[in-house]
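1. The sequence and its predicted three-dimensional model are supplied below.
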Amino acid sequence: MNKKTVLLYILAAALAACHQQPQQQSAGVEGDTVNGSPLPERQEGTSFFGSNVSRNQFPPVYFAYDSSEIQSSETGKLRQVADFMKRSPNNIILAGFTDERGTDEYNRALGERRAQATRNYLISLGVSGSRIQTVSFGMEMPADPGHSEAAWAKNRRTETGVIK
Amino acid sequence: MRLLASFFLLGLSFVSALAQSSNSPVITIRKGTAVVIQVKEVGGSAGANATAVLKNDIELSGFLSLGDSASATIAISGTAPGSGFSGQATEKGGSVVLQKSYSGDTRRAVHQFINDLIETVVSQKGIATSRIAFVANRTGHKEIYVADYDGANAVQLTHDNVISVGPNLSPDGRKLAYTGYQSGYADIYLVDLASGARNRIIKYPGTNTGPSISPDESRIACTMSKDGNPDIYVTGINGDSPRRITRTRAANSSPTWSPNGSELIYSSDERGGPQLYRVSAGGGSGRPISTGFGYCTEPNWSPDGKKVCFNVRSGGSFEVAMTDLESGSTKIVTGEGERPAWGPDSRHLIFARGSGLFIIDTISGKEARIIGDLGPISEPTWSH
């Protein structure tokens, strides 16, 4: 981290403090860097919907509309994942999804941003970024095919796939 | 000696150009009004087909409109023997505006004639020979389709039964890049449409999506997340030597090239709701484009460089908007539609709405459905 980045960081932290927005304590205040942590190489032959990935071991992490911020209600789920990863050698794939209320390509970027925010949070809990791959499906593969607020809330998510 | 010869040749061609222009009929055209054309029934075995294509091309052109012998400024006649088309456009006074023969497929030949007519009469680039591509869900899977600009000759390009999305046609319509999930991850594929050869060109860790082929077809701009965030990158045409353009902690998407290939416009939510930004294709910090809307996504830069069209959110659906990059003014083009794309004339847009693919004239507001029977449609792209 160069001097300029550090300065920006301090400035941003000061500004955040001024605005007193404790809800913005998500991924980012500690444990990640402004430029993000590079992803590891993909593990050959594994993909999120592949047969060698267990997708139901952890509950999905949910997001607010149009947001990639980790909500305080979801942090317990991620502590579970971090604890598991510290105990076992398995690597994971985080898949980001959105609800249908957005345009296609923006949703693919937003889904990836959600997966990366989730990954950053796990890194902040002490998990090595080299064990976490990401993928975004945007608004494809909804958990609930409905068109209600209840369905959309279930679709704005990151799912954790454990590579067996 | 050689210099002298070329000077002589130049002189000759100048004289012939002068001679031609003095014979040309004078047609007075007021800006914004279409030139009225009468289409006479085309002769030959494919005459009925050629007549229908002529009329449809005129209807969709924006620069021309259909009329009868009383209202028309120009009358078109021709023959379509089953292969090729010979057309003649005659001005009211009797002088010939354009007379030309084209070989090959009848539809294609008629499209070429109409483009030449538009070039001759209003000195504008027509859209009639251009190609489009889009995503359709007819099979229950999102697949890429290609078609002529008027929706004819629609062909399913991918048959992978996975998610194939975000197509982008090269300006000349010969190459198509898209996002495909065959590996289980989002990768970028490049297809040579003539040979059908396909290559997975961008397959970095994370998500690789939203390809946009540069005007000179030497580079691809896209979103990649290999460095820990979905940012904008520019690579070589085969995905080589990626260069990071944005460095944010936000969702950056849909880069689109300026016509000279020196700049990009993209959407980013780095300051809250997604907004449009403009950045040098070599990197640097993106400058926000003021549109007056809080949610701006899926930008597409017009081939004349003067405008950008994009989506804005309105309640539960999306409107198509365009911003004039010189004056800064923004207007809504249509109240419901997604992922607009400019045509070669920088006047028409295509966009998706439900199970329809539509074309709209941004000057007159005239709209027509060009695809309607392939299931839900999304993400159209248009060659230039």
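-> That came in fine, so what should we check first?

2. Give me the pLDDT for residue A:143.
-> pLDDT, residue A:143: 97.

3. That one belongs to a strand, doesn't it?
-> No - using DSSP: H, G, I helix; E, B strand; the rest coil, the assignment for residue A:143 is coil, not a strand.

4. What number of residues are in the vicinity of the residue nearest to it when sequence neighbours are not counted?
-> In this structure, residue A:143 finds its nearest non-sequential neighbour in residue A:154, 4.7 Å apart by CB to CB, 6 or more residues apart in numbering or on different chains. Where you see a C-beta, it was placed from the backbone N, CA and C, and this is true even at glycine. Close neighbours of residue A:154, defined as other CB atoms under 10 Å in any protein chain shown, add up to 17.

5. Same question for the one 4 residues further on.
-> Burial measure for residue A:158: 28 neighbouring residues, criterion other CB under 10 Å.

6. and what of residue B:316?
-> The number of residues packed near residue B:316 is 8, by other CB under 10 Å.

7. cool, and residue A:94?
-> 25.

8. Equivalent analysis for residue B:271, please.
-> Neighbour count for residue B:271, taken as other CB under 10 Å: 11.

9. what about it, is that helix, strand or coil?
-> Using three-state DSSP, the structure places residue B:271 in coil.

10. and the nearest residue to it once chain neighbours are set aside, how many neighbours does it have?
-> Closest residue to residue B:271 apart from its sequence neighbours, by CB to CB, 6+ apart: residue B:288 at 7.5 Å. By the criterion of other CB under 10 Å, residue B:288 has 13 neighbours.

11. OK, contacts around the residue most central in space within chain A?
-> Nearest residue to the geometric centre of chain A (CA atoms, centre = their mean): residue A:118, 2.2 Å. Shown here is residue A:118, whose contacts under the criterion CB atoms under 8 Å, 6 or more residues apart in numbering or on different chains are A:27, A:61, A:70, A:78, A:94, A:96, A:158.

12. any low-confidence regions in the chain?
-> Just so you know, I chose chain A. A:1-35 (pLDDT under 70).

13. my question was about chain B
-> For chain B (pLDDT under 70), the answer is B:1-32.

14. State the distance from whichever residue of the stretch 51-200 of chain B sits closest to chain A to residue B:200.
-> Proximity of the stretch 51-200 of chain B to chain A (CB to the nearest CB) peaks at residue B:184, 2.1 Å away. Computed as CB to CB, to the nearest Å, the residue B:184 to residue B:200 distance reads 12 Å.

15. more neighbours, the two?
-> Using other CB under 10 Å, the more surrounded residue of residue B:184 and residue B:200 is residue B:184, with 19 against 14.

16. Please report how far the residue nearest to residue B:271 lies from residue B:323.
-> Taking CB to CB, one finds residue B:288 at 12 Å from residue B:323.

17. residues from the stretch 251-384 of chain B in reach of chain A?
-> Residues of the stretch 251-384 of chain B found near chain A (CB under 8 Å from any CB of the partner chain) are B:251-254, B:267, B:269, B:273-274, B:297-298, B:311, B:316, B:318, B:338-339, B:378-379.

18. if we go to 6 Å?
-> Residues of the stretch 251-384 of chain B lying close to chain A (CB under 6 Å from any CB of the partner chain) are B:251, B:253-254, B:267, B:274, B:297-298, B:311, B:338, B:378-379.

19. Could you check which helix or strand contains the residue nearest to residue A:143?
-> Here residue A:154, judged by DSSP states H and E, is contained in helix A:149-155.

20. got the contact list for that helix?
-> Among residues not part of helix A:149-155, those counted as contacts by CB atoms under 6 Å, 6 or more residues apart in numbering or on different chains are A:97, A:99, A:142-144.

21. Quick check: residue A:115 is in a helix.
-> Yes - using three-state DSSP, the assignment for residue A:115 is a helix.

22. That one contacts residue A:132, doesn't it?
-> No - Residue A:115 lies out of contact with residue A:132 (CB atoms under 6 Å); the separation is 9.0 Å.

23. Residue 81: neighbour count?
-> Defaulting to chain A. 23.

24. meant chain B actually
-> Residue B:81: 14 neighbours (other CB under 10 Å).

25. ok, now residue A:143?
-> Burial of residue A:143 is recorded as 16 neighbouring residues (other CB under 10 Å).

26. now residue A:145
-> Other residues lying near residue A:145 total 9 when counted by other CB under 10 Å.

27. what's the spacing between it and residue B:313?
-> The gap separating residue A:145 from residue B:313 is 22 Å, by CB to CB.

28. Please apply the same query to residue B:99.
-> With CB to CB as the criterion, residue B:99 and residue B:313 are 51 Å apart.

29. same question, residue B:76
-> Taking CB to CB as the measure, residue B:76 falls 44 Å from residue B:313.

30. ok, these two, which is more surrounded?
-> Using other CB under 10 Å as the criterion, residue B:76 and residue B:313 rank with residue B:76 on top: 25 against 20.

31. tell me which element residue B:116 falls in.
-> helix B:106-122.

32. Could I get the buried residue list for that helix?
-> For helix B:106-122, the buried set under the neighbour-count rule, 16 or more other CB atoms under 10 Å in any protein chain shown, comprises B:106-118, B:121-122.

33. Close to chain B: what parts of chain A are there?
-> Counting by CB under 6 Å from any CB, the residues of chain A close to chain B are A:35-39, A:41-42, A:47-50, A:103-106, A:108-110, A:112-113, A:116, A:134-136, A:140.

34. how deep is residue A:149 tucked in, by neighbour count?
-> 11.

35. can you map out the strands along chain A?
-> For chain A, the strands defined by DSSP state E cover A:53-54, A:61-62, A:92-97, A:132-138, A:157-163.

36. Nearest to residue B:84, out of these?
-> Closest of the strands of chain A to residue B:84 is strand A:132-138, at 45.3 Å (criterion: CB to CB).

37. got a list of contacts for that closest one?
-> Residues from elsewhere that reach strand A:132-138 (CB under 6 Å, 6+ apart): A:48, A:92-98, A:107-108, A:111-112, A:115-116, A:119, B:185, B:206-207.

38. Between the two ends of stretch B:261-270, what distance do you get?
-> Terminal residues of stretch B:261-270 lie 24 Å apart, using CA to CA, to the nearest Å.

39. right, I mislabeled it, should have said stretch A:93-102
-> 24 Å.

40. what sits against the residue nearest to residue A:94 when sequence neighbours are not counted?
-> Among residues not flanking residue A:94 along the chain, residue A:115 sits closest, at 4.4 Å (CB to CB, 6+ apart). Applying CB under 6 Å, 6+ apart to residue A:115 gives the contacts A:94, A:96, A:134, A:136, A:158.

41. run the last query once more with 8 Å
-> Applying CB under 8 Å, 6+ apart, we find residue A:115 in contact with A:94-96, A:134-136, A:158, B:207, B:225.

42. what do you get for residue B:199?
-> Residue B:199 makes contacts with B:189-190, B:238, as judged by CB under 8 Å, 6+ apart.

43. ok, now with 7 Å
-> If a contact means CB atoms under 7 Å, 6 or more residues apart in numbering or on different chains, then residue B:199 has B:189-190 as its contacts.
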